[in-house]
Structures are given as structure tokens and as C-alpha cells.
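**Student:** All I have is the shape, not the residue letters:
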């Protein structure tokens with residue numbers, strides 16, 4: 001495990017307020033090893049602290065896969081204590097993606113299975129191309145989705161549909177997946193990354209304070225009682241409304257010009 005963890009399996013490329021979080025373990029179709037998980041958690045922590053980043057695109061360099069899920073070859077050699085230690089690293093990786101304070105978009109092509117699809121689910125939006133094949137097959141190998149799948153998938157497609165997909169462990173092709181709501185946009189063949197970057201650029205043109213506040217309200221308010229959810233929204237609104245971004249945004253609107261968002265503190 002130590003030798004593999006020294007290889008660069010995750011990298012960050014940033015340009016004009018959009019950061020690409022790139023899965024780059026081609027020899028294993030981006031299977032989530034202990035090393036990759038640690039690098040992904042570290043990269044997410046660095047992005048979360050970078051106030052210049054307004055949107056993130058999670059993507060893959062492999063031509064046939066976004067991510068095939070957990071590295072079962074590594075897991076096959078692990079005893080229970082090693083598996084428990086690895087579990088903490090994997091949880092940190094998935095938690096890191098979900099905790100990104102700015103909007104995150106997954107660009108999916110080819111296989112996105114198990115933990116691979118859970119990484120996509122951990123983002124706010126999913127753009128896929130026609131080669132995408134998604135699924136949560138964990139029960140077929142004696143475990144359950146452990147990267148948030150049992151909680152995130154019902155929130156996306158409903159409890160009964162999520163149960164059918166998880167219990168059958170079946171793979172779903174792009175056309176059916178779009179109809180089921182397993183992702184949000186179907187790009188042209190090989191265009192998932194380009195479309196995700198275009199969407200991220202549109203998002204990044206908006207107020208960085210507003211984007212983070214809106215994401216916080218969406219994430220924290222979902223699934224709780226309406227009264228509490230409206231308090232979450234109010235707190236997020238106040239964060240944005242009493243910021244320099246609101247002053248600039250209103251001024252730009254009235255002056256009929258693009259906003260020049262203040263540098264983040």
C-alpha cells in the first residue's frame with residue numbers, strides 16, 4: 001500500500017475560478033485504493049480552503065471509465081484491521097467531496113460503479129456522455145454501498161427506485177440512467193468534461209459568496225422540517241446579503257455591466 005500511495009492518482013488543475021479535480025490512476029481504471037482515497041481527501045481539503053475557486057469539476061483521464069469503484073484487488077489482500085483502517089481513509093475521501101463549499105459537478109463517461117458512482121453522487125450535479133454505465137453493485141460482493149450511496153441515491157431518485165437499484169446490483173446504461181434521474185445532463189459522445197466545464201464556467205461567473213451560501217442552504221435544509229429549513233435559508237441569505245458581493249451585484253445590475261466580484265477575504 002505504501003508504494004502505491006506515493007504515486008500521483010489525483011491532481012488539481014485550476015483556471016479562471018474553476019478547478020478540475022482529476023482522477024488519474026489509469027492502470028486500475030481509477031479504482032479507489034487507499035492511496036487514491038488519501039490524495040482525494042487532501043485535494044478536497046485544499047480546494048475547500050481556496051477562496052478563489054468558485055466551482056469544481058470532478059473528472060477522469062481514463063477513456064473508458066470515470067471510476068470503477070473500490071480497489072478489490074487491494075481489498076482482497078487486507079485483513080480486518082487493515083480493512084478498518086482503509087475504511088477511515090475512504091470515508092474521508094467521500095466526505096471531502098461532499099463537504100466542498102462551492103458547487104461541484106461530476107463529468108462521467110464509461111464505467112461509474114460502486115464507489116465511483118458514489119463519488120459522482122457526492123457532487124451537486126452530474127453530466128454524463130452516452131458511454132456512461134452506472135450502478136451500485138456492492139451487495140453482489142457481500143457489502144453495501146459505503147460512500148454515501150444508500151443515503152444519496154434515495155435523495156436523488158426516491159426510496160423505492162434506489163432500493164431496486166441497490167438490491168439488484170444492476171448496471172444502468174446512459175439512456176435509462178438519464179430517464180431515472182441518475183444524472184442531470186446527457187452530453188454528446190466524449191463531451192462530458194467539456195460540457196461540465198462549460199456549466200462550471202457559467203456557475204463561476206456568479207457571486208462566490210452567493211454560490212457558497214446557496215449550496216449551504218440547499219445541502220443543510222434538505223430533509224429537515226420546513227420551519228428549520230427556512231431558518232437555514234435565512235442564515236445563508238444573511239451571509240450573502242450583508243457581504244460586499246451583494247453591494248457589487250446590485251450596483252452592476254443597475255449600471256447594466258458585468259459584476260466585478262470583490263477578492264475573497
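**Tutor:** Received it, and whenever you're ready, just let me know what you need. Being a predicted model, the structure only gives us computed values, none of them experimental.

**Student:** all contacts plus neighbour counts: C-alpha atoms, from now on.
**Tutor:** OK.

**Student:** what ranges of this structure fall below the confidence cut-off?
**Tutor:** Residue ranges of the chain with pLDDT under 70: 1-6, 265.

**Student:** swap the cut-off to 50 and go again
**Tutor:** Scanning the chain for pLDDT under 50 picks out 1-3, 5.

**Student:** can you give me the strands for the stretch 151-265 of the chain?
**Tutor:** For the stretch 151-265 of the chain, strands defined by DSSP state E, counting those that start in this stretch occupy the ranges 172-173, 185-186.

**Student:** Tell me which of those sits nearest to residue 255.
**Tutor:** The closest of those to residue 255 is strand 185-186. By CA to CA, the value is 34.3 Å.

**Student:** Show me what that closest one is packed against.
**Tutor:** With contacts defined as 3 or more CA pairs under 8 Å, 6 or more residues apart in numbering; DSSP states H and E, the packing partners of strand 185-186 are strand 125-128, helix 174-180.

**Student:** how about JSON lines for the strands of the stretch 151-265 of the chain, with distance to residue 75 added?
**Tutor:** As requested, those are arranged in JSON lines below (distance: least, CA to CA, whole Å):
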{"stretch": "strand 172-173", "distance to residue 75": "25"}
{"stretch": "strand 185-186", "distance to residue 75": "33"}
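
**Student:** Serialize those strands to a markdown table and add fields for mean neighbour count and distance to residue 9.
**Tutor:** Listed next are the strands of the stretch 151-265 of the chain as a markdown table, based on neighbours: other CA atoms under 10 Å; distance: least, CA to CA, whole Å:
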| stretch | mean neighbour count | distance to residue 9 |
| --- | --- | --- |
| strand 172-173 | 18 | 27 |
| strand 185-186 | 18 | 27 |
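
**Student:** Which of those strands sits closest to residue 22?
**Tutor:** strand 185-186 (19.7 Å).

**Student:** Need the winner for burial among the helices and strands packed on strand 185-186.
**Tutor:** Comparing those by mean neighbour count (mean count of other CA atoms under 10 Å), strand 125-128 ranks first with a mean of 25.

**Student:** just checking, what packs against that strand?
**Tutor:** strand 104-108, strand 185-186, helix 192-204.

**Student:** Redo these as TSV? Include distance to residue 143.
**Tutor:** Below are the helices and strands packed on strand 125-128 laid out as TSV (distance: least, CA to CA, whole Å):
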stretch	distance to residue 143
strand 104-108	24
strand 185-186	30
helix 192-204	30
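
**Student:** Could you give the number of residues near residue 252?
**Tutor:** Residues near residue 252, counting by other CA atoms under 10 Å, number 15.

**Student:** The one 5 residues further on too?
**Tutor:** A count of nearby residues for residue 257, using other CA under 10 Å, gives 10.

**Student:** Tell me the spacing between it and residue 240.
**Tutor:** 20 Å (CA to CA, to the nearest Å).

**Student:** Rebuild the helices and strands packed on strand 185-186 as TSV, extending it with distance to residue 67.
**Tutor:** Below are the helices and strands packed on strand 185-186 laid out as TSV (distance: least, CA to CA, whole Å):
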stretch	distance to residue 67
strand 125-128	13
helix 174-180	15
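
**Student:** how is this protein carved up into domains?
**Tutor:** What automatic domain parsing lists as the domains of the chain is 2-204, 208-254.

**Student:** what's the first-to-last distance across the shortest one?
**Tutor:** Same thing as domain 208-254. Using CA to CA, the distance between the terminal residues of domain 208-254 is 20 Å.
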